[in-house]
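Asks: fold the following for me, if possible:
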Amino acid sequence: MSIRDRALGALLGLAIGDALGMPTQSFSRAEIAERFGVITGLCDAPADQPIAPGMPAGSVTDDTEQALLVADLLVAGGGRIDARAFAGALRAWEARMIARGSLDLLGPSTKAALAAIAAGTDVAEAGRFGTTNGAAMRITPVGIASPAGLPGSAGLLEAVVSASRVTHNPGWALSAAAAVAAAVSAGVDGAPAARALTLAVAAARAGARLGHWEAGGHVAARFEALRGPARETGDFASFLDEVVGTSVHSQESVVAALLIVERYARRPFEGLCLAAAVGGDTDTIAAIAGAILGACAGAGAFPTDVRARVEAVNDLGLELRVDALLGLRAAAP
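Replies: Numbering: from 1, shown residues only. Predicted coordinates:
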């Protein structure tokens, strides 16, 4: 399997996971089961979907769209993202969404940070209360563009911070983003899921020391404390829903995604279908799990008909972006 296939698998897994979770996001696990039954593939969103009403099966959400925005800014910036340029690009993205009549707009942390910048707050301070998972959900391109190196390597962490701090600057939000980026980068390098998760934990610990302090559980500590019970449980979906948590908070949704990666390393698409059914922030959990599983298993891990549907419904341009991101990776010191 080539490095290009694994990098494409990361972006494709992100988009497919996102699309699987699109119709179920913000519903409870019980409500998803009642409305959709067992999730085995892409579904249309119902008319009363609170964020994506009536969207056709295969549609992606802000998770994929903002990740591709990060990819474009990374390429334009030679591997780093200018904070003010990023803030402006996010505002422009939301304006386009509003013009299209979309309800899938900026998350609470990003919106608050951009409002603070507009009011004169320094970009280094604007994201200090960004405790949600927005940075982690859009960080996959950083993992593709940055060599994994040693656990917690400075190059990867610097790239994570440059792509995150303007909206998400608490240490454990950066920790979550670092974990995802490191796992993706390791997978692109050819690491199996187990090794990718080891590097994710190391990067999460290093990322936790960056940014502003906020009260809250640490991503690495929660993942390591929960992975044993997660292996032993007879009802993994209930465990994610009731014990790990599936909210927009980084220490819940990102940990849930990492646990899904561990359990479904040999069955990536099945894992993403489960992620779409656990309730809460399903599109982000499935997108993050999909990015890591795709990086480790390659683009061929996902059914061809599902890939074709997602690519047909959305104008994603994944292959061109993969080539540009891998160019950055090859040029990295």
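
Asks: show me what the host helix or strand of P141 is in contact with.
Replies: Assessed by DSSP states H and E, P141 sits inside helix 140-145. The contact list for helix 140-145 (C-beta atoms under 8 Å, 6 or more residues apart in numbering) reads 7, 10-11, 14, 67-68, 70-71, 74, 79, 156, 159-160, 163, 177, 180-185, 187-188, 291, 295, 321-322, 325-326, 328-329, 332. For the C-beta atoms, the positions are set from N, CA and C on the backbone; glycine is no exception.

Asks: again, 7 Å this time
Replies: Under the criterion C-beta atoms under 7 Å, 6 or more residues apart in numbering, residues 7, 10-11, 14, 67, 70-71, 74, 79, 159-160, 163, 180-182, 184-185, 188, 291, 322, 325-326, 328-329 lie in contact with helix 140-145.

Asks: for the record, mean pLDDT for it?
Replies: On average, the pLDDT along helix 140-145 is 97.

Asks: that helix: what's the following helix or strand?
Replies: Counting by DSSP H and E, the next helix or strand C-terminal to helix 140-145 is helix 154-164.

Asks: which strands and helices sit next to that next one?
Replies: Helix 154-164 sits against helix 140-145, helix 171-188, helix 193-208, with contacts defined as 3 or more C-beta pairs under 7 Å, 6 or more residues apart in numbering; DSSP states H and E.

Asks: 6 Å - rerun?
Replies: helix 140-145, helix 171-188 (3 or more C-beta pairs under 6 Å, 6 or more residues apart in numbering; DSSP states H and E).

Asks: make CSV out of those helices and add mean neighbour count.
Replies: Shown next, in CSV, are the helices and strands packed on helix 154-164 (neighbours: other C-beta atoms under 10 Å):
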stretch, mean neighbour count
helix 140-145, 32
helix 171-188, 32
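
Asks: dump the ones you listed to CSV, plus distance to L106.
Replies: Converted to CSV, the helices and strands packed on helix 154-164 look like this (distance: least, C-beta to C-beta, whole Å):
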stretch, distance to L106
helix 140-145, 18
helix 171-188, 15
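
Asks: need the contact list for A256.
Replies: By C-beta atoms under 6 Å, 6 or more residues apart in numbering, the contact set of A256 is 240, 244, 246, 285.

Asks: quick check: the farthest pair among those?
Replies: Using C-beta to C-beta, the pair of the contacts of A256 lying farthest apart is V244 and I285, separated by 9.8 Å.

Asks: which one of the two has more residues nearby?
Replies: Legend: neighbour count by other C-beta atoms under 10 Å for V244 and I285, higher for I285 (36 against 25).
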